[in-house]
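> Okay, sequence plus prediction incoming.
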Amino acid sequence: MKFQEIKRGISIPRLSHFLLLILFAINSLVNAAYDINDGEKDYAKEGDTALGIKLDLNFARTWPNVDLKDSTIIRNWVFSSHLKFKGLVNDETNGIEDEQLWQIALTGYNEMQANQEAYGIPKRQRSKAMTVLAFDHELILASSQKGESFSYYYTDTPVAKALERCQVTWRRDFGKESIHKNEGKCGEEMAAHLYYLMHPGKSLSSQKPRVATIVGGKRTDPCTDNKGEKFGCSTFVQEYGIEVVDANKEFKEFSLNEIAGGIEKRSQIQLCYSPDTSSNSKK
């Protein structure tokens, strides 16, 4: 059998094989093996600005029913932290200022980046957003989720029901069927999930919370769809009456030992585990 020859003497079948090898190499780089089998990697847990952002390791290992030993499949990644303070974080006099909340979100984003690097997570699979939810004596920091949508997988959670209400509102206002533009995987939804794991009987809206989100290192308003095709986090936060911190405000330094009466506890609320199972007291 004769093959049609092209420039430089490479036949079409040989060229196809060559291209497949290139594609395989690229795919290997994109989905390079990460390391989640040897326990928790180092994360920022000491110092007066260390927020304790780290991978929700149990979630990455087990949800939804994935092979722990396979270090090449695309997993579900979420990075988070939970801080409790002696004073009220939203107190106008002694609480956390908007500008400090932005700095906390940025610090959390940077800690997340370092932790993703420590686990060797491929860049295309990495979370790009970090949200801080401020209420009562607490801060919940949660990244955007990578992988299959947790928010739409479980339909009976408070967050899923809120997204359903958003969908009804969108249908009424725009006459279109829609789910969340990012499938409910933004930091705002993930922080709300973590809130309800800690406070299952108390509506988030009753806490009069504030929220700030860093995306790609920049202050960012909750996502929206300018084309009017799908609703985003701008609709979700309105549903809960969450105050969005003005993205035009500057960053301001903070000390965890000084804001809101001082920190009491750093911990993590795990999505698929008991609340606050992996906690460490103030360092």
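Now that the structure is in, tell me what you want to look at.

> need the contact list for Tyr43.
The contact partners of Tyr43, by Cβ atoms under 8 Å, 6 or more residues apart in numbering, come to 52-54, 111, 114-115, 118. C-betas here are computed from N, CA, C, even on glycine.

> Among those residues, which lie within strands?
Of the positions in these, Lys54 sit in strands, assigned by DSSP state E.

> Highest neighbour count among the contacts of Tyr43?
Neighbours were tallied for each of those (criterion: other Cβ atoms under 10 Å), and the maximum of 26 neighbours falls on Ile53.

> List the residues that contact that one.
Ile53 sits in contact with 43-44, 79-81, 108, 111-112, 115, 130, 141, 143, where contact means Cβ under 8 Å, 6+ apart.

> Which one of these is nearest to Pro222?
Compare each of the contacts of Ile53 with Pro222 using Cβ to Cβ and the shortest gap goes to Met130, at 13.4 Å.

> And the contacts of the host helix or strand of Met130?
When secondary structure is defined using DSSP states H and E, the element that contains Met130 is strand 129-135. Residues outside strand 129-135 that contact it (Cβ under 8 Å, 6+ apart) are 53, 79, 89-90, 96, 101, 104-106, 108-109, 112, 139-144, 186-188, 190-192, 195, 204, 207-216, 220, 242.

> buried subset of those residues?
Buried residues within the contacts of strand 129-135, counting neighbours by 16 or more other Cβ atoms under 10 Å: 53, 79, 89-90, 96, 101, 104-106, 108-109, 112, 139-144, 186-188, 190-192, 195, 204, 207, 209-215, 220, 242.

> Just the contacts of Ile53: which are in helices?
108, 111-112, 115 (DSSP state H).

> Would you convert these into a markdown table that also reports pLDDT?
Compiled in a markdown table, the ones in helices among the contacts of Ile53 are given as follows (pLDDT from 0 to 100):
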| residue | pLDDT |
| --- | --- |
| Gly108 | 98 |
| Glu111 | 97 |
| Met112 | 96 |
| Asn115 | 95 |
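
> Specify the beta-bridge partners of Lys84.
Beta-bridge partners of Lys84, counted by DSSP bridges, are Glu138, Lys265.

> Which residues are in contact with it?
The neighbours of Lys84, taking Cβ under 8 Å, 6+ apart as the test, are 137-138, 263-265, 267.

> quick one: which of those residues is nearest to Ser234?
Taking Cβ to Cβ as the measure, Glu138 is the one of these closest to Ser234, at 23.5 Å.

> Can you tell me which of the contacts of Ile53 comes closest to Asn248?
Distances from the contacts of Ile53 to Asn248 were compared by Cβ to Cβ; the smallest belongs to Met130, at 18.9 Å.

> and the closest one, what pLDDT?
Per-residue pLDDT puts Met130 at 98.

> Now it. Nearest residue, chain neighbours left out?
The spatial neighbour of Met130 that comes closest, neighbours along the chain excluded (Cβ to Cβ, 6 or more residues apart in numbering), is Tyr109 at 3.9 Å.

> pretty sure that neighbour contacts Lys218?
No - contact status for Tyr109 versus Lys218: not in contact, 9.4 Å apart, counting by Cβ atoms under 8 Å.

> sorry, back to before: mind checking which of the contacts of Lys84 are buried?
The neighbour-count test (16+ other Cβ under 10 Å) marks 137-138, 263-265, 267 as buried among the contacts of Lys84.

> Reformat the residues you listed into JSON lines and put distance to Asp225 and pLDDT next to each item.
As requested, the buried ones among the contacts of Lys84 are exported to JSON lines (distance: Cβ to Cβ, whole Å; pLDDT from 0 to 100):
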{"residue": "His137", "distance to Asp225": "35", "pLDDT": "98"}
{"residue": "Glu138", "distance to Asp225": "31", "pLDDT": "99"}
{"residue": "Ile263", "distance to Asp225": "37", "pLDDT": "98"}
{"residue": "Glu264", "distance to Asp225": "40", "pLDDT": "97"}
{"residue": "Lys265", "distance to Asp225": "38", "pLDDT": "96"}
{"residue": "Ser267", "distance to Asp225": "35", "pLDDT": "96"}
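
> Now do the strands in the stretch 101-250 of the chain.
129-135, 138-143, 210-215, 218-220, 243-244 (DSSP state E, counting those that start in this stretch).

> what's the closest of the ones you listed to Arg171?
Taking Cβ to Cβ as the criterion, strand 243-244 is the member of the strands of the stretch 101-250 of the chain that comes nearest to Arg171, at 23.6 Å.
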